[in-house]
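>>> test case, fold it:
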Amino acid sequence: MIVCVCNNISDREIRQAVDLGLSSMAELRETLGVATCCGKCEGYAEEVLNAHVESTTRITELSFRATQAA
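Numbering: from 1, shown residues only. The predicted model follows:
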């Protein structure tokens, strides 16, 4: 679904940006141009961003390698 009509940005593109490491509205604005024209999309874009950030599992350590090395 299109979130930002002015810049033709979809919810899928926002989720892909999160998968690539973006985690704030400032980064979405800078990278994709979300909410840089009329601003009406900002609330929903932030919802999509936050929901995907919360649902994404981040690997911070490879614990099985630490166990093997010990």
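>>> switch to C-alpha atoms for all contacts and neighbour counts from now on
Noted.
>>> can you tell me how far the residue nearest to Cys37 when sequence neighbours are not counted sits from Ala35?
In space, and not counting its chain neighbours, Cys37 is closest to Cys6: 6.5 Å by Cα to Cα, 6 or more residues apart in numbering. Between Cys6 and Ala35 the distance is 8 Å, computed by Cα to Cα, to the nearest Å.
>>> show me the contacts for Asn50.
Ser23 (Cα atoms under 8 Å, 6 or more residues apart in numbering).
>>> distance between the longest helix anywhere in the chain and the chain's centre?
Longest helix in the chain by number of residues (criterion: DSSP state H): helix 42-55. Centroid separation for helix 42-55 versus its chain: 7 Å, with Cα atoms, centre = their mean, to the nearest Å.
>>> can I get that helix in PDB? Just the C-alpha atoms.
Taking Å, rounded to 0.1, in the frame of the first residue of the first chain, the C-alpha atoms of helix 42-55 are listed here in PDB:
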ATOM      1  CA  GLU A  42       4.200  10.900   8.700                       C
ATOM      2  CA  GLY A  43       1.900   9.300  11.300                       C
ATOM      3  CA  TYR A  44       1.300   6.100   9.300                       C
ATOM      4  CA  ALA A  45       4.900   5.900   8.100                       C
ATOM      5  CA  GLU A  46       6.000   6.000  11.700                       C
ATOM      6  CA  GLU A  47       3.500   3.300  12.600                       C
ATOM      7  CA  VAL A  48       4.900   1.000   9.800                       C
ATOM      8  CA  LEU A  49       8.400   1.800  10.800                       C
ATOM      9  CA  ASN A  50       8.000   1.100  14.500                       C
ATOM     10  CA  ALA A  51       5.900  -2.000  14.000                       C
ATOM     11  CA  HIS A  52       8.600  -3.500  11.700                       C
ATOM     12  CA  VAL A  53      11.500  -2.500  13.900                       C
ATOM     13  CA  GLU A  54       9.700  -4.200  16.900                       C
ATOM     14  CA  SER A  55       9.000  -7.300  14.900                       C
END
